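Sharing a model that was predicted from the sequence below.
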Amino acid sequence: MEKRLRRRFVLLATLAMGVVMLVLCVGLNLFNLWNQRAEAMRTLSYLSQNNGSFQTLPPQQNWVQPELPFWTPETRYQLRYFSVWLDDSGTPVLVMAEHVAAINAQQAGEYAQEVYRQGLTQGRMDQYRYLLTPQENGVLVVFLDCSREMQMARSLLLVTLILYPLVLLAVFALSALISGRAVRPIVESFQRQKQFITNAGHELKTPLAIINANADVLRLTYDENQWVDSIQHQTRRMSRLIQEMLRLARLEEDSGTKWSEVDLSALTEEMAADFSVLAQSGGRRFTSRVQSGLRLQGDEARLRELLSILLDNAVKYSPKGGTISLSLVKHGRRLLMRVSNSVEQPFSHQQLAHLFDRFYRCDDSRSSQTGGYGLGLAIAREIAQRHKGRLSAANQAGTDGAQVVFTLLL
């Protein structure tokens, strides 16, 4: 159990940090892209308002003062841009490409004509962002070289892609290092609980045996007596409850487990034959479909107990005239076993969530009639987990009404 808790702690800690880091990295990259685009559009807007260039003369009456957050006296020498005036037919009239070295005037005109044909007012073409603004006798298209910003964005993305797995690996290692100390209080609490159950179970065995022996003496003395019958019935119930509690405690301690190769197909067919007679005698239909030759490494006695619990519950809690089905097939690299039975009404989500809890019973009155204690499914899930399997329950619509199906993946 300690290993399972430590694995779960490490997994949850790594998953939580992974989600936080993913949101942080994605948010950082998206914000960087948005900020770069916003700055580029502010620059293009400023250039468009000033006839496609930065003013180098003293401020005139028709000159728009720069209100850019990054504006410095050196800004006009750092930016790379070019501007093209087009007439109403889309023909270049004037090209200003002296502030960029990657293209010439002819290429700048071709860029502007392509933007004009697309009919867009803003966007990106290659490494240039552009803004098209209508003028009196045509349009002005301003292009801004964003290659440096794009390279910075790629560098930031690369850094986050490298740091993300490294941080996750570090979190995983740190979580594994401190997991023992983190789960120690829980493990100690469970250990005390199991020790109490074991001690209480052994201590109760002796007085129960004495009570049962005294009841046998009373029966021999007074023949038939309802009070003696009640005492014997309750002592038997107490003895069965103590046995199941001790079984669950031993399972959690992983004591007495004998691993070997188990022919699960043969075991399932044997159990199906036994319980089909029991089901049919109670007025229930029993069907089974078992794929032959399915084997696994496990404890045959524990697997037999698991299957017995599932089939016994199916027989006990299915109504007369209902259907019980059992199947075992190969599911990829694993084995899939399904046990389903008819129910009078489907389980609620809350009932399904607590179905494998200890001492949980959906219907106390029904459980008292069948003699259940709410420990069977808890034992079954513990056995499944010991075999690195997963046992779950769900509602299912059947041909004759609602059904509950237990799925075991080994």
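Thanks, I have the structure now.

Out of the helices and strands in the chain, which is least certain?
helix 364-370 (a mean of 49; mean pLDDT, DSSP states H and E).

Toward the C-terminus from that helix, list the very next helix or strand.
Using DSSP states H and E, the helix or strand that follows helix 364-370 towards the C-terminus is helix 376-386.

Over that following helix, what's the mean pLDDT, rounded is fine.
Averaged across helix 376-386, the pLDDT comes to 78.

from the chain's centre, how far out does that helix sit?
22 Å (CA atoms, centre = their mean, to the nearest Å).

Please save the CA atoms from it in CSV.
Provided in CSV are the C-alpha atoms of helix 376-386 (Å, rounded to 0.1, in the frame of the first residue of the first chain):
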residue,chain,number,x,y,z
GLY,A,376,-16.9,-8.3,-0.7
LEU,A,377,-16.3,-5.7,-3.4
ALA,A,378,-13.6,-4.0,-1.4
ILE,A,379,-11.8,-7.4,-1.2
ALA,A,380,-12.4,-7.9,-5.0
ARG,A,381,-10.9,-4.6,-5.9
GLU,A,382,-7.9,-5.2,-3.6
ILE,A,383,-7.3,-8.5,-5.3
ALA,A,384,-7.5,-6.8,-8.7
GLN,A,385,-5.0,-4.2,-7.7
ARG,A,386,-2.6,-6.9,-6.4
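
what pairs with the helix or strand following it, and is each one parallel or antiparallel?
Toward the C-terminus, helix 376-386 is succeeded by strand 390-398 as the next helix or strand (DSSP H and E). Strand 390-398 pairs in its sheet with strand 401-409 (antiparallel), by DSSP bridges.

what's the partner strand in contact with?
Strand 401-409 is contacted by residues 306, 310, 322-323, 331, 334-347, 384, 389-397 when judged by CB atoms under 8 Å, 6 or more residues apart in numbering. Backbone N, C-alpha and C define where each C-beta goes, glycine included.

Tell me the buried residues in that strand?
Neighbour-count burial for strand 401-409, with 16 or more other CB atoms under 10 Å as criterion, is recorded at Q403, V404, V405, F406, T407, L408, L409.

So which other helices or strands are in contact with the helix or strand where R154 lies?
R154 is part of helix 147-222 when elements are defined by DSSP H and E. Applying 3 or more CB pairs under 8 Å, 6 or more residues apart in numbering; DSSP states H and E, one finds that helix 147-222 contacts helix 2-49, helix 226-252.

Helix 2-49 and that helix, what's the angle between them?
150 degrees (axes from the mean of the first three to the mean of the last three CA atoms, to 10 degrees).

tell me which of the buried residues of strand 401-409 is nearest to D263?
Distance to D263 across these (CB to CB) is lowest for L408, with 16.4 Å.

who's that closest one bridged to?
Going by DSSP bridges, L408 is paired in beta bridges with M337, L391.

Distance of it relative to S260?
Going from L408 to S260 by CB to CB, to the nearest Å gives 19 Å.

average pLDDT for stretch 308-321?
Per-residue pLDDT values across stretch 308-321 average out to 81.

right, I mislabeled it, should have said stretch 285-293
For stretch 285-293, the mean pLDDT works out to 84.

And for stretch 260-273?
Mean predicted lDDT for stretch 260-273 stands at 83.

Same question for stretch 48-58.
pLDDT averaged over stretch 48-58 gives 68.

do the same with stretch 334-354
79.

Ok, stretch 158-176 next?
88.

just how off-centre is that stretch within its chain?
Distance of stretch 158-176 from its chain centroid, counting by CA atoms, centre = their mean, is 20 Å.

Roughly how far does the residue lying closest to G376 once chain neighbours are set aside sit from R124?
With sequence-adjacent residues excluded and distances taken as CB to CB, 6 or more residues apart in numbering, G376 is closest to I309, at 4.6 Å. I309 sits 65 Å away from R124, taking CB to CB as the criterion.

number of nearby residues for F172?
Counted with other CB atoms under 10 Å, residues neighbouring F172 total 17.

Number of residues surrounding the residue nearest to it when sequence neighbours are not counted?
In this structure, F172 finds its nearest non-sequential neighbour in T14, 4.8 Å apart by CB to CB, 6+ apart. T14: 19 surrounding residues under other CB under 10 Å.

now swap in the one 3 residues further on and tell me
Using other CB under 10 Å, M17 is surrounded by 17 other residues.

separation between it and L156?
20 Å.

So which residues of the stretch 251-400 of the chain form helices?
264-281, 300-317, 349-354, 364-370, 376-386 (DSSP state H, counting those that start in this stretch).

just the angle between the second one and strand 401-409, please?
Yep, that's helix 300-317 we're talking about. 170 degrees.

If we go by neighbour counts, what in helix 300-317 is buried?
Neighbour count says helix 300-317 has 302-307, 309-311, 313-317 buried, by 16+ other CB under 10 Å.

same thing with stretch 113-127?
For stretch 113-127, by 16+ other CB under 10 Å, it's Q113, V115, Y116, Q122, Q127.

is it true that E261 touches E300?
No - in this structure E261 lies outside contact range of E300 using CB atoms under 8 Å: 9.2 Å.

Spatially nearest residue to F275 (excluding sequence neighbours)?
In space, and not counting its chain neighbours, F275 is closest to L311: 4.4 Å by CB to CB, 6+ apart.

give me every residue that touches that neighbour.
M271, A272, F275, I324, L326, V339.

now the residues you listed as a markdown table including distance to N212 and neighbour count?
Shown next, in a markdown table, are the contacts of L311 (distance: CB to CB, whole Å; neighbours: other CB atoms under 10 Å):
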| residue | distance to N212 | neighbour count |
| --- | --- | --- |
| M271 | 31 | 20 |
| A272 | 35 | 23 |
| F275 | 30 | 22 |
| I324 | 34 | 25 |
| L326 | 36 | 24 |
| V339 | 34 | 26 |
